[in-house]
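Engineer: Give me a model of this one.
(one chain, ligands or ions: 2)
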Amino acid sequence: MNFSLRARLFIACALVALAALAAVTALVAREQREWLLQTHQQSLERTARSLARDLPRAPGGWPETAHTWGRMVGLRVTLMAADGRVLGDSDVPAEGLSRVENHRERPEMRAALAWKTGHAVRRSRTVGIEFLYVAVPAASGEVAVLRVAEPLTAIASLRASLLRLTLVAAAVALLLSLAIAYWIAGRHSRRIRDLEAAAAAVGRGDGARARELPADELGRLGRAFNRMAAELRSRVDALERERDMRERIVAHLGDGVALVDREGRVMHANQALAALLGEPTPPAPGTPFLDFARAPELGDLMRRVQAGEESPEAELRPWTTAGPRLLQATAGPLGPSSEGAVLLVLHDLTAMEAANRVRQDFVANVSHELRTPLTSLRGYAETLLGGGLEDADHREGFVRTIHDQAVRLEALIADLLSLAELERPGAGLRLAALDLREVVERQAAALRPRATAAGLALHVEGGEPVPVEADRARIEQVIANLLDNAVKYTERGEISVMLGGDSDRAWCEVVDTGPGIPHEDQPRIFERFYRVDKARSREKGGTGLGLSIVKHIVQLHGGTVTVRSSPGQGSTFRFEIPRAPHRGF
Ligand SMILES: Nc1ncnc2c1ncn2[C@@H]1O[C@H](COP(=O)(O)OP(=O)(O)O)[C@@H](O)[C@H]1O
Ligand SMILES: [Mg+2]
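Structural biologist: Ligands and ions are numbered 1, 2, ... in the order given. Here you go, the predicted structure:
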């Protein structure tokens, strides 16, 4: 049977109390009987002796004496002769004495015949009930022994009432001890249940405390328990903090990270992984990784790690909505605690590859751009050397071409140097307060002769000064480039410049009535060397670098440059800069 702790404690206490009380009661009962017999025996003995002393003065015959004395002392009185004949007995009528058997062999009688005091407890064969006998020697005439006897029923009833008292006391003691046992069992089992509840709460992660009082074993257990719970809590907290920190680190990593178990299911994946593979959200834990990634190279990498390779690498080119990507994938075992699990890291090389391509294209473009004027320089120089000098009609033309090509080369190199300077990391601006309108007007004035020569009107629309904080030389470069383009590409009409601004930005628009720029080319004209019509640009002495220089400078000022144009409708170039860019921008 499965008793509760409380029941077991109670039953144990109850059994102990019961056993102790039963033993005590039994002992007391036995002692009582002994004591009663002894006291009765003593009083019988005293009575017997005093009667024996009175024998010589006995009133009449022995049978009457026995009867009289018997009534007097309220006991059975027997008188026996030395040969064992009963001379008188208070419980036997005189005429019945002849039938009473010889009493000499009764143990108490034998002792008295030997001049000692005899005792016995026995059922009387003469009267048929239990008696306590005490016999003393008498030596008075015929009578050798005087015996008194008390029926044990008297003692028994005394004992019964004593026993009742004892039992009542025992019952009261038992009840009391049961009540105490019940209380102690209840208290202890309640405290243990409290501890149990506290342990369960700690198991659930609640900050529970056990009672520490009083200072017994359970109290000490409670204290130890509380120390343990606090220690556990602080360790769990530390682990949780560490886990959160790691998760945040992984979540914010630019590299894609995935943990895949030995069955190829995702254990953890970060947002970057999803982004790199062109998915909106990372896979839920438990998703088969290859169903999500759909890149056989990654499956191959995982197999290689599981086959024992230390950190295999592969390149993959997934297609995403942002276009093709180049990813470098590295895989490795997760460690001995997760047998067969693989850690996959995806690193995005797309931008690096693009940058490399831009650099290669740039070098190729520069070489190409340089080769054209150099080839013609060499051609004309060779022509001159090979007799052209003597050709008075054409030699001036040759030399002019050489000069023009040299100018173009110079312009190209100047632009390249400008770009290199602008792209230098940490390229700074020399900011100064200036009036943008004044700068524009000066540049327009410088270019006006060329515009007029080409039959174009060039005017700046009047208005308030436009104070800005900017790098004067560079802003001049921006305006010069935009005006130069407008004059260069416009055949008929006019070029107008407008300026304005609000509290924190200033803007400038250069509007021409030129050929316009096809829509598909508009996003690209700010790239280096990009020209809508290469031949025409070259013929006009363009390098293809002007607008990219413009864009760089405007961006260095924290501004933007845009174009609005339609073929045949002219073009509007607009740049906007903050009134006061943060220094060092
Ligand atoms: N105002 C304009 N009207 C028409 N096309 C223009 C204008 N400005 C620039 N473009 C186009 O953008 C290209 C790039 O300009 P830019 O970088 O200044 O190079 P470049 O002037 O040396 O050719 C030009 O080749 C030309 O095709
Ligand atoms: Mg230009």
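
Engineer: and the residue of the stretch 201-350 of the chain nearest ligand 1?
Structural biologist: Gly323 (24.6 Å; Cβ to the nearest ligand atom). Placement of C-beta: from N, CA and C, glycine included.

Engineer: For that residue, grab the count of nearby residues.
Structural biologist: When counting by other Cβ atoms under 10 Å, one arrives at 9 neighbours for Gly323.

Engineer: Quick check: bridge partners of it?
Structural biologist: Note on Gly323: beta-bridge partners Thr320, judged by DSSP bridges.

Engineer: Could you do Phe131 as well?
Structural biologist: Arg122, Pro151.

Engineer: Likewise for the one 5 residues further on?
Structural biologist: When bridges are taken as DSSP bridges, the partners of Val136 come out as Leu146.

Engineer: so it touches Arg49, yeah?
Structural biologist: Yes. Val136 lies in contact with Arg49 (Cβ atoms under 8 Å); the separation is 5.5 Å.

Engineer: In terms of neighbours, single out the busier of the two.
Structural biologist: Ranked by neighbour count (other Cβ under 10 Å), Val136 and Arg49 place Val136 first, with 25 against 17.

Engineer: quick one: the residue of the stretch 201-350 of the chain closest to ligand 1 and Ile155, what's the gap?
Structural biologist: Noted for Gly323: a distance of 121 Å to Ile155, by Cβ to Cβ, to the nearest Å.

Engineer: which phi and psi does whichever residue of the stretch 101-250 of the chain sits closest to ligand 2 have?
Structural biologist: The minimum distance from the stretch 101-250 of the chain to ligand 2, using Cβ to the ion, falls at Ile249 (47.9 Å). For Ile249, the backbone dihedrals are phi -60, psi -50 (criterion: degrees, to the nearest 10).

Engineer: got it, and Pro578?
Structural biologist: Dihedral pair for Pro578: phi -70, psi 150, per degrees, to the nearest 10.

Engineer: helix or strand for the closest residue to it other than its chain neighbours, which one?
Structural biologist: With sequence-adjacent residues excluded and distances taken as Cβ to Cβ, 6 or more residues apart in numbering, Pro578 is closest to Gly558, at 5.1 Å. Applying DSSP states H and E as the criterion places Gly558 outside every helix and strand.

Engineer: number of nearby residues for Gly558?
Structural biologist: 15.

Engineer: Which pLDDT value does the model give Met1?
Structural biologist: Per-residue pLDDT puts Met1 at 54.

Engineer: same thing with Cys13?
Structural biologist: 79.

Engineer: tell me the contacts of it?
Structural biologist: The contact partners of Cys13, by Cβ atoms under 8 Å, 6 or more residues apart in numbering, come to 177-178, 180-181, 184-185.

Engineer: Does the residue nearest to Pro578 touch Pro581 like I think?
Structural biologist: Yes. Here Gly558 lies in contact with Pro581, judged by Cβ under 8 Å, at a distance of 4.2 Å.

Engineer: those helices in the stretch 251-400 of the chain, which residues are they?
Structural biologist: Here the stretch 251-400 of the chain has its helices, by DSSP state H, counting those that start in this stretch, at 271-276, 289-293, 296-306, 350-385, 395-423.

Engineer: how about the longest one: buried residues?
Structural biologist: Just to be clear, that refers to helix 350-385. 350, 366, 369, 373, 377, 380, 383-384 (16 or more other Cβ atoms under 10 Å).

Engineer: what's the answer for stretch 314-334, then?
Structural biologist: Judged by neighbour count (16+ other Cβ under 10 Å), stretch 314-334 contains these buried residues: 314, 316, 318, 325-327, 329-331, 333-334.

Engineer: What are the contacting residues of that stretch?
Structural biologist: So stretch 314-334 is contacted by 256, 259, 276-278, 295, 297-298, 300-302, 304-305, 310-313, 341-350, 353 (Cβ under 8 Å, 6+ apart).

Engineer: What of stretch 86-102?
Structural biologist: 61-67, 69-71, 75-81, 83-85, 103, 125-127, 142-143.

Engineer: Can you list the low-confidence ranges for the stretch 151-300 of the chain?
Structural biologist: 207-208, 212-214 (pLDDT under 70).

Engineer: Tell me, how many residues neighbour the residue in it positioned nearest to ligand 2?
Structural biologist: Relative to ligand 2, the nearest point of the stretch 151-300 of the chain is Gly254 (37.4 Å; Cβ to the ion). The number of residues packed near Gly254 is 10, by other Cβ under 10 Å.

Engineer: same question, Ala251
Structural biologist: Neighbours of Ala251 (other Cβ under 10 Å): 12.

Engineer: What of Ser571?
Structural biologist: 24.

Engineer: got it, and the one 5 residues further on?
Structural biologist: Glu576 sits with 18 neighbouring residues when counted by other Cβ under 10 Å.

Engineer: roughly how far is stretch 412-425 from the heart of the chain?
Structural biologist: 56 Å (Cα atoms, centre = their mean, to the nearest Å).

Engineer: Just the buried residues of that stretch, please?
Structural biologist: Quick answer for stretch 412-425 (16+ other Cβ under 10 Å): 412, 415-416, 418-419, 422.

Engineer: Let me know the closest of those residues to ligand 1.
Structural biologist: Closest approach between these and ligand 1, by Cβ to the nearest ligand atom: Asp415, at 7.9 Å.

Engineer: And the strands in the stretch 401-550 of the chain?
Structural biologist: For the stretch 401-550 of the chain, the strands defined by DSSP state E, counting those that start in this stretch cover 431-435, 457-460, 467-471, 494-501, 505-512.

Engineer: Where does pLDDT dip in the protein?
Structural biologist: Within the chain, the segments meeting pLDDT under 70 span 1-2, 59, 207-208, 212-214, 582-585.

Engineer: Closest residue of it to ligand 2?
Structural biologist: Gly546 (2.8 Å).

Engineer: Report the separation between that residue and Ala444.
Structural biologist: Gly546 is 17 Å from Ala444, by Cβ to Cβ.

Engineer: Who has more neighbours out of these two?
Structural biologist: When Gly546 and Ala444 are compared on other Cβ under 10 Å, the one with more neighbours turns out to be Gly546, at 24 against 20.

Engineer: mind listing what the more buried one touches?
Structural biologist: 415, 481, 484-485.

Engineer: quick revisit: between the contacts of Cys13, which has the most around it?
Structural biologist: Counting neighbours by other Cβ under 10 Å, the top entry in these is Ala185, with 21 neighbours.

Engineer: Wait, a helix at it?
Structural biologist: Yes. Assigned with DSSP: H, G, I helix; E, B strand; the rest coil, Ala185 falls within a helix.

Engineer: As a quick check, tell me the outermost residue of the chain.
Structural biologist: Gly60 (113.4 Å; Cα atoms, centre = their mean).

Engineer: quick one: that one and Asp91, what's the gap?
Structural biologist: Per Cβ to Cβ, Gly60 is found 18 Å from Asp91.

Engineer: what's the answer for Arg574, then?
Structural biologist: Arg574 is 151 Å from Asp91, by Cβ to Cβ.

Engineer: Find the nearest non-adjacent residue to Leu316, please.
Structural biologist: Here the residue nearest Leu316, using Cβ to Cβ, 6+ apart, is Glu297, at 4.7 Å.

Engineer: what's the burial count for the one you found?
Structural biologist: Counted with other Cβ under 10 Å, Glu297 comes out at 16.

Engineer: Perfect, that will be all.
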